[in-house]
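Colleague: Give the three-dimensional model of this entry:
(one chain, ligands or ions: 1)
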Amino acid sequence: MKVIIVSDKNHMGQVAADLIETDMKNKTPYVLGLATGSTPIPLYQELIRRNQETGPDFSTTVTFNLDEYVGLEATHDQSYRYFMNQEFFDHININKDSTFVPNGLSENIEEVGKDYEKAICGIGGIDYQVLGIGTNGHIGFNEPGSSLASRTRKVRLTENTISDNSRFFERKEDVPTEAITMGIGTILDARKIMLLASGSNKAETIAKSIEGPITATIPASSLQMHPDATWVITEDAAVNLQLEWD
Ligand code: GLP
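Modeller: Next comes the predicted model:
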């Protein structure tokens, strides 16, 4: 694993954009796995800025988002489809028909999960998967205890996640209690992975994920098994690391 420690969120956005832009060169179609949450916003802003100036070109890029709440319309301002349009897709030259977010409104989420897996496989897999991390170590919505081999499926959110994410909703009771998420197995199949994290509230879970044992109790620790995973984290999120990383 590579760990890159950066000074602040803007620097994180630039480093992450560099990694993606370099990887995108000479590959068509490029397949990006994307994440929501506040952490990847500086990355999206940097990619938007570059796209509007000299590149990269997203006209043939295909994207798969990690997850979506169950029960929120795409027009709901807290749905992940809405977030992605607002924060990224509406500002770049991507074909919206090539942007996929799991459908959390379907009557048959099990089938949605299977179809999502098939679509990712059908296009040849994800080239670069972007991840954030929950304060409990979740990736996507794979909460502690998720199988390290899990695939796209419906999950129940923990109290910790509902409480963390309630800051975006008017009332805590408005936060959906279920979601559909790529599994840890799905995520680990990506050719490259980057996990972005900032803020001192992530420091403890970051140290456990990077330097602790691989365990389903800390889903992000599964990245230790991946051959090409990079952590891009701000100094305040890195304070609990004990080993030397460069
Ligand atoms: C949600 C998402 C995760 C994300 C996490 C952290 O739970 N499902 O993919 O990593 O939030 O969010 P933030 O970046 O706002 O701390």
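Colleague: ranges for the helices of the protein?
Modeller: 9-24, 41-52, 80-87, 109-122, 159-165, 184-188, 203-211, 235-238 (DSSP state H).
Colleague: if you compare these, which one is most tucked away?
Modeller: Among the helices of the chain, the stretch with the highest mean neighbour count (mean count of other CB atoms under 10 Å) is helix 184-188, at a mean of 23. Placement of C-beta: from N, CA and C, glycine included.
Colleague: Does that helix reach the ligand?
Modeller: No - judged by CB under 6 Å from any ligand atom, helix 184-188 makes no contact with the ligand; its nearest approach is 10.4 Å.
Colleague: for that helix, the distance to its chain's centre please.
Modeller: Mean C-alpha position of helix 184-188 versus that of the full chain (CA atoms, centre = their mean, to the nearest Å) differs by 11 Å.
Colleague: about what we covered before: I'd like the helices of the chain written out as JSON lines, with mean pLDDT added.
Modeller: Formatted as JSON lines, these follow (pLDDT from 0 to 100):
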{"stretch": "helix 9-24", "mean pLDDT": "98"}
{"stretch": "helix 41-52", "mean pLDDT": "98"}
{"stretch": "helix 80-87", "mean pLDDT": "98"}
{"stretch": "helix 109-122", "mean pLDDT": "98"}
{"stretch": "helix 159-165", "mean pLDDT": "94"}
{"stretch": "helix 184-188", "mean pLDDT": "98"}
{"stretch": "helix 203-211", "mean pLDDT": "98"}
{"stretch": "helix 235-238", "mean pLDDT": "97"}
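Colleague: what sits against P219?
Modeller: G137, H138, I139, N142, E143, P144, S146, L148, I184 (CB atoms under 8 Å, 6 or more residues apart in numbering).
Colleague: try it again with 6 Å
Modeller: By CB atoms under 6 Å, 6 or more residues apart in numbering, the contact list for P219 reads G137, H138, I139, N142, S146, I184.
Colleague: returning to that earlier point: in TSV: the helices of the chain, plus distance to K96.
Modeller: Putting these into TSV (distance: least, CB to CB, whole Å) gives the following:
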stretch	distance to K96
helix 9-24	19
helix 41-52	15
helix 80-87	8
helix 109-122	15
helix 159-165	25
helix 184-188	22
helix 203-211	33
helix 235-238	33
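Colleague: Quick one, which of those helices gets closest to S59.
Modeller: helix 41-52 (9.9 Å; CB to CB).
Colleague: Are the closest one and the ligand in contact anywhere?
Modeller: No - Helix 41-52 lies out of reach of the ligand by CB under 6 Å from any ligand atom, never closer than 8.3 Å.
Colleague: Please name the nearest non-neighbouring residue to G33.
Modeller: The spatially closest residue to G33, leaving aside those adjacent along the chain, is Q129, at 3.5 Å (CB to CB, 6 or more residues apart in numbering).
Colleague: burial measure for that neighbour, as a count.
Modeller: Using other CB atoms under 10 Å, Q129 has 28 other residues around it.
Colleague: go on, the one 3 residues further on?
Modeller: Summarising burial for G132: neighbours were counted as other CB under 10 Å, giving 21.
Colleague: so how far is the ligand from the closest residue to I94 other than its chain neighbours?
Modeller: Excluding the flanking residues, the one nearest I94 by CB to CB, 6+ apart is F58, at 4.2 Å. Using CB to the nearest ligand atom, to the nearest Å, F58 is found at 21 Å from the ligand.
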